[in-house]
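*Asks:* Compute the structure for the input listed below.
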Amino acid sequence: MADDTDVVVIGGGATGAGIVRDLALRGVDVTLVERGGLSAGTSGRSHGLLHSGARYAEADEVGARECIAENRILRDIAGECVRDTGGLFLQLAEDDPEYFEAKRTACEDIGIPIETLSGDEVRNEISGLSEAVERAMKVPDAVVSPSRLVAANAADARDHGATILTNAPVEDLHVEDGRITGVKVGGSVGETIAAKQVVNAAGAWAEDVGRMAGVEVAMRPTKGVMVSVQYDGLGPVLNRARDPADGDIVVPHDGEVVLGTTSIEVDDPDDYPEDAQEVERMVEECSKMLPPAREAERVRTWWGVRPLYAPDEDSREGARGISRGFFCVDHGDDGVENFTSIVGGKLTTYRQMAEATTDRVCEKLGVAADCRTAAKRLPGADDPEQLDAYVTEFGGAGPTDEDVVRG
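*Replies:* Below you'll find the predicted structure:
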């Protein structure tokens, strides 16, 4: 059996890496295990939007407040992992003006900075926008490089004593007398690791990990397609000012824009159809905001799977786009006292999710130490080459920011 550790964290996406960093900064001996390279799952297969909270403002005040708070923190700590593009919500001729008004009022009430522009004003600022744009609202959205962000979190954790194990799939969880006594890890490790606490941060795969411990973590993953096309010169993120639907976000990257996204429930986050019709629908819908995207050369296409928590989805009756909260589930209530799952949430709030989980784990360990991740800058934050070296070190390159990391 491998040397004991205080905590094993399963899952090397943004939340898992954030938890390991937070634990290490609090002096906890922690090991992260990830079946592939870091950010190989949902984190590295998003559209790369750092939410301002405006997308959720009128539907979920709490979620919107979380987003704007974490948006500001990441701008301070993450350096070259974040690009300050700003964002626009565009009302097209076919869109309901009352939706725009409700969002604007909600943003003002929450404290999300906004500025309203007429269609002509915004077209004068941003070339290529549709003539159907009647007005726009500026918001502080940004673009995040998830590969860099996750790798920098892992590097900081490692520098503070954590062990980061990639290509290390969890094959089983040994449970005896109501506790996990060992985490069986295959791949590059091939050993069983004993830990005082185990955290399930496997995202859309959390249900599979929970099953190994004999507990239910009911997930309802949905796939979404992203299409990157060649297009230089788009400054801000474009959001459609309507109820969330297919093809309502355009995210600027280096010389490209990413068009997104769909939301289709899947049974298996590893095995689902990649439907060409989804791609065509995405391009067509996003082109209503940015017509040149329709004929632009397509660079790459990928699907990501959202880690939606089934009980939360049931309470929403399938409503799409309402801000999803996160849930820290203590499986002591399920008979496994040293097992915690963190599910739901979004990339923008990964650090807050990690803090909440780390607070819970530290309480169980009897560790009295405060969270420092909101104030401490990530290593390499101002050095893109160093950030990209971390990505290479941890095998974390993903399609979302391939153009940035590839550089």
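
*Asks:* What segments of the stretch 1-150 of the chain are strands?
*Replies:* Taking DSSP state E, counting those that start in this stretch as the test, the strands found in the stretch 1-150 of the chain are 5-10, 30-33, 49-50, 82-83, 87-92, 115-118, 133-139, 142-144.

*Asks:* nearest to Val257, of these?
*Replies:* Counting by Cβ to Cβ, Val257 lies closest to strand 142-144 out of those; the figure is 10.4 Å. (Glycine included, C-beta is placed from N, CA and C.)

*Asks:* Sheet partners, orientation included, of the closest one?
*Replies:* Strand 142-144 pairs in its sheet with strand 49-50 (antiparallel), strand 82-83 (antiparallel), by DSSP bridges.

*Asks:* The strands of the stretch 1-150 of the chain into a markdown table, with extra columns for mean pLDDT?
*Replies:* As requested, these are exported to a markdown table (pLDDT from 0 to 100):
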| stretch | mean pLDDT |
| --- | --- |
| strand 5-10 | 98 |
| strand 30-33 | 98 |
| strand 49-50 | 96 |
| strand 82-83 | 97 |
| strand 87-92 | 98 |
| strand 115-118 | 98 |
| strand 133-139 | 98 |
| strand 142-144 | 97 |
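
*Asks:* Present those strands as a markdown table; the columns should include mean neighbour count and distance to Ala356.
*Replies:* Compiled in a markdown table, the strands of the stretch 1-150 of the chain are given as follows (neighbours: other Cβ atoms under 10 Å; distance: least, Cβ to Cβ, whole Å):
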| stretch | mean neighbour count | distance to Ala356 |
| --- | --- | --- |
| strand 5-10 | 25 | 14 |
| strand 30-33 | 28 | 16 |
| strand 49-50 | 27 | 19 |
| strand 82-83 | 18 | 22 |
| strand 87-92 | 25 | 26 |
| strand 115-118 | 14 | 33 |
| strand 133-139 | 23 | 26 |
| strand 142-144 | 25 | 20 |
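
*Asks:* Which one of the ones you listed lies nearest to Pro269?
*Replies:* Closest among these, using Cβ to Cβ: strand 5-10, at 14.8 Å.

*Asks:* that older thread, need the strands paired with strand 142-144 in a markdown table (columns: distance to Glu280).
*Replies:* Shown next, in a markdown table, are those (distance: least, Cβ to Cβ, whole Å):
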| stretch | distance to Glu280 |
| --- | --- |
| strand 49-50 | 22 |
| strand 82-83 | 29 |
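
*Asks:* what's the closest of the ones you listed to Glu295?
*Replies:* strand 49-50 (23.9 Å).

*Asks:* Any idea how far that closest one is from the middle of the chain?
*Replies:* Centroid separation for strand 49-50 versus its chain: 9 Å, with Cα atoms, centre = their mean, to the nearest Å.

*Asks:* which residues of the stretch 1-150 of the chain fall in helices?
*Replies:* With DSSP state H, counting those that start in this stretch, the ranges of helices along the stretch 1-150 of the chain come out as 14-25, 61-77, 97-110, 119-125, 146-159.

*Asks:* could you dump those helices to CSV with distance to Asp246 and mean neighbour count?
*Replies:* As requested, those are exported to CSV (distance: least, Cβ to Cβ, whole Å; neighbours: other Cβ atoms under 10 Å):
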stretch, distance to Asp246, mean neighbour count
helix 14-25, 25, 29
helix 61-77, 21, 19
helix 97-110, 17, 16
helix 119-125, 23, 15
helix 146-159, 22, 27
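
*Asks:* Would you mind checking the average pLDDT for the helix or strand hosting Glu385?
*Replies:* For Glu385, the element it lies in under DSSP states H and E is helix 384-393. For helix 384-393, mean pLDDT is 96.

*Asks:* What is the subsequent helix or strand relative to that helix?
*Replies:* Next along from helix 384-393, by DSSP H and E: helix 402-406.

*Asks:* Report the backbone C-alpha coordinates of that following helix in PDB.
*Replies:* What follows is helix 402-406, C-alpha atoms only, in PDB (Å, rounded to 0.1, in the frame of the first residue of the first chain):
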ATOM      1  CA  GLU A 402      -5.700  25.100 -27.700                       C
ATOM      2  CA  ASP A 403      -5.200  28.200 -29.800                       C
ATOM      3  CA  VAL A 404      -3.800  30.100 -26.700                       C
ATOM      4  CA  VAL A 405      -1.600  27.400 -25.200                       C
ATOM      5  CA  ARG A 406      -0.400  26.300 -28.700                       C
END
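
*Asks:* packing partners for that helix?
*Replies:* Packing contacts for helix 402-406, counted by 3 or more Cβ pairs under 8 Å, 6 or more residues apart in numbering; DSSP states H and E, involve helix 146-159.

*Asks:* Just want the angle from the helix it packs on to helix 14-25.
*Replies:* Going by axes from the mean of the first three to the mean of the last three Cα atoms, to 10 degrees, helix 146-159 is angled at 20 degrees with respect to helix 14-25.

*Asks:* May I have the residues that are in contact with Ala206?
*Replies:* Neighbour list for Ala206: 11, 200, 217, 219, 307, 341, 343 [criterion: Cβ atoms under 8 Å, 6 or more residues apart in numbering].

*Asks:* For Val175, which three-state class applies?
*Replies:* strand (DSSP: H, G, I helix; E, B strand; the rest coil).

*Asks:* how many other residues sit next to it?
*Replies:* Using other Cβ atoms under 10 Å, Val175 has 18 other residues around it.

*Asks:* Okay, the nearest residue to Val143 once chain neighbours are set aside and Gly111: tell me how far apart.
*Replies:* Distance criterion Cβ to Cβ, 6 or more residues apart in numbering; nearest residue to Val143, sequence neighbours excluded, is Arg83 at 4.5 Å. Counting by Cβ to Cβ, to the nearest Å, the gap from Arg83 to Gly111 is 23 Å.

*Asks:* same deal with Lys184?
*Replies:* 48 Å.

*Asks:* out of those two, which sits in the busier spot?
*Replies:* Between Lys184 and Gly111, counted using other Cβ under 10 Å, Lys184 has the larger neighbour count: 17 against 11.

*Asks:* Tell me where the model's unsure across the stretch 201-350 of the chain.
*Replies:* Within the stretch 201-350 of the chain, the segments meeting pLDDT under 70 span 316-324.
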